[in-house]
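Q: Make a model of this:
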Amino acid sequence: MNAASRLHPALPAIEAALRNVMGERLRIVSAQPVTGGSIHSALRLDEAGGARFFAKLATAAQAPMLEAEADGLAAIAASGSLRTPAVIALGADEAHAFLVLEWLELQPLASATDGARFAEALAGLHRDVGEHFGWPRDNFIGHTPQRNTERDNWARFFVEERLRPQFARAREQGFEIELQRQAERLLDRVPALFLDYRPAVSLLHGDLWHGNAAVLADGTPVVFDPAVHRGDRESDLAMSELFGGFPSAFYAAYRRTWALHEDYEQRKMLYSLYHVLNHLNLFGRGYLREALRLATRLNEELARRRD
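A: Okay, here's the model as predicted:
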């Protein structure tokens, strides 16, 4: 047993991957657990020469999740908008998959200045515009597989690649009939929310709650744990509102940088519904009432528009 394996059974493979990038003299001397993640375990790795890394660990079968995360981080970094931890190494052994990232000293968004600067950077991400809604590869939202089949119609993309799979999972788990009734009414009506609104094909973080956003000591905005795709920028903003945590200055600054359409509040319910359904399917009945409330309100709003 070598020194690395005594620290953690995955470390020999991680150390070998790092040596391929940084040279054969690299040696991991410390591996400390990092708390905060709900899906994968994580370690802070210290190298004999003083370098520090963040290593995310999963089972070997979960390697596609880490591969998709690395792909998303690279896409956001390439946009030149928000800072992301650089991908250092990605790999697996027989039992573990791992993603090694640059170690960043992160702080929560706390001040109005933090919020405003983050908003301006996020608008920069959203101004990275492509040709098709979706993404060249599928990825994950939490544990949940997320299809990204590219389409030219955003409303159809959101129905077929986001809402319909979540409603199907809820049905398979036996969540109540009324939710399915609301789903049957809603899915065909969603395009009506886009009759007077044509979203840009923006690059999105895709899972933008406050736990996936931070700043460096100098105020530089940072994001991580993305579920990247191209879509309506309003969906990133809706997710940011869903679980709180962003300073109010963030929203005002974003609107100053790039104004939102007057019907954003209606579509915000649609985008929130996707994430609430995902939480229902991942974590259980505690999210059922909110999922049913959002689906019902959307159907009521769409019925009024039709009348």
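Q: Show me how this protein divides into domains.
A: As assigned by automatic domain parsing, the chain contains the domains 3-102, 112-306.
Q: Including mean neighbour count and mean pLDDT, could the ones you listed go into TSV?
A: C-beta coordinates here come from the backbone N, C-alpha and C atoms, glycine included. Converted to TSV, the domains of the chain look like this (neighbours: other C-beta atoms under 10 Å; pLDDT from 0 to 100):
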stretch	mean neighbour count	mean pLDDT
domain 3-102	17	92
domain 112-306	18	96
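Q: show me what contacts A48?
A: Residues near A48 by C-beta atoms under 8 Å, 6 or more residues apart in numbering: L26, R27, I28, V29.
Q: Spit out the contact partners of the first one.
A: By C-beta under 8 Å, 6+ apart, the contact list for L26 reads E15, L18, R19, E47, A48, G49, A51.
Q: Just those: which are in strands?
A: Secondary-structure check on those using DSSP state E: residues within strands are E47.
Q: Report the two of the contacts of L26 separated the most.
A: E15 and G49 (13.0 Å; C-beta to C-beta).
Q: Unless I misread the structure, S81 falls within a strand.
A: No - note on S81: no strand contains this position according to DSSP: H, G, I helix; E, B strand; the rest coil, which reports coil.
Q: Ramachandran angles for it?
A: S81 has phi and psi values of phi -110, psi -70 when expressed as degrees, to the nearest 10.
Q: before we move on, what SS does D236 have?
A: helix.
Q: Identify the residues contacting it.
A: L122, H126, L204, H205, G206, L208.
Q: how about the residue most central in space within the chain, secondary structure?
A: Taking C-alpha atoms, centre = their mean, the centroid of the chain lies closest to D207, which sits 2.6 Å from it. Here D207 is recorded as coil under three-state DSSP.
Q: measure the nearest residue to it once chain neighbours are set aside to G72 for me?
A: Closest residue to D207 apart from its sequence neighbours, by C-beta to C-beta, 6 or more residues apart in numbering: A227 at 4.3 Å. Applying C-beta to C-beta, to the nearest Å, one obtains 7 Å for the distance of A227 from G72.
Q: So F53 is in contact with E102, correct?
A: Yes - with contacts defined as C-beta atoms under 8 Å, F53 counts as touching E102 at a distance of 7.1 Å.
Q: which neighbours do these two share?
A: Overlap between the neighbourhoods of F53 and E102 consists of I88, taking contacts as C-beta under 8 Å, 6+ apart.
Q: Which residue ranges of the stretch 1-150 of the chain form helices?
A: If you assign secondary structure with DSSP state H, counting those that start in this stretch, the helices in the stretch 1-150 of the chain sit at 3-7, 11-22, 63-79, 112-126.
Q: Out of those helices, the one nearest F194 is which?
A: Between F194 and the helices of the stretch 1-150 of the chain, the tightest spacing by C-beta to C-beta is seen for helix 112-126, at 17.2 Å.
Q: packing partners for the closest one?
A: The helices and strands touching helix 112-126, judged by 3 or more C-beta pairs under 8 Å, 6 or more residues apart in numbering; DSSP states H and E, are helix 63-79, strand 202-204, strand 213-215, strand 221-223, helix 233-242, helix 248-257.
Q: between that helix and helix 63-79, how many degrees?
A: 100 degrees (axes from the mean of the first three to the mean of the last three C-alpha atoms, to 10 degrees).
Q: which outside residues touch helix 112-126?
A: Contacts of helix 112-126 from elsewhere in the structure, counted by C-beta under 8 Å, 6+ apart, are 76, 79-82, 109, 200, 202-205, 208, 213, 215, 219-221, 233, 236, 246-254, 257-258.
Q: ok, now with 6 Å
A: 79, 81-82, 109, 202-203, 215, 219, 221, 233, 247, 249-250, 253-254, 257-258 (C-beta atoms under 6 Å, 6 or more residues apart in numbering).
Q: Using PDB, write down the CA coordinates of it.
A: Taking only C-alpha atoms (Å, rounded to 0.1, in the frame of the first residue of the first chain), the coordinates of helix 112-126 have been written out as PDB:
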ATOM      1  CA  ALA A 112     -25.000  44.700  -2.600                       C
ATOM      2  CA  THR A 113     -21.700  45.100  -4.500                       C
ATOM      3  CA  ASP A 114     -21.300  41.300  -4.600                       C
ATOM      4  CA  GLY A 115     -24.800  41.000  -6.000                       C
ATOM      5  CA  ALA A 116     -24.400  43.700  -8.600                       C
ATOM      6  CA  ARG A 117     -21.100  42.400  -9.900                       C
ATOM      7  CA  PHE A 118     -22.400  38.800 -10.000                       C
ATOM      8  CA  ALA A 119     -25.500  40.000 -12.000                       C
ATOM      9  CA  GLU A 120     -23.300  41.800 -14.600                       C
ATOM     10  CA  ALA A 121     -21.200  38.600 -15.000                       C
ATOM     11  CA  LEU A 122     -24.300  36.400 -15.300                       C
ATOM     12  CA  ALA A 123     -25.700  38.700 -18.000                       C
ATOM     13  CA  GLY A 124     -22.400  38.300 -19.800                       C
ATOM     14  CA  LEU A 125     -22.800  34.500 -19.700                       C
ATOM     15  CA  HIS A 126     -26.300  34.900 -21.100                       C
END
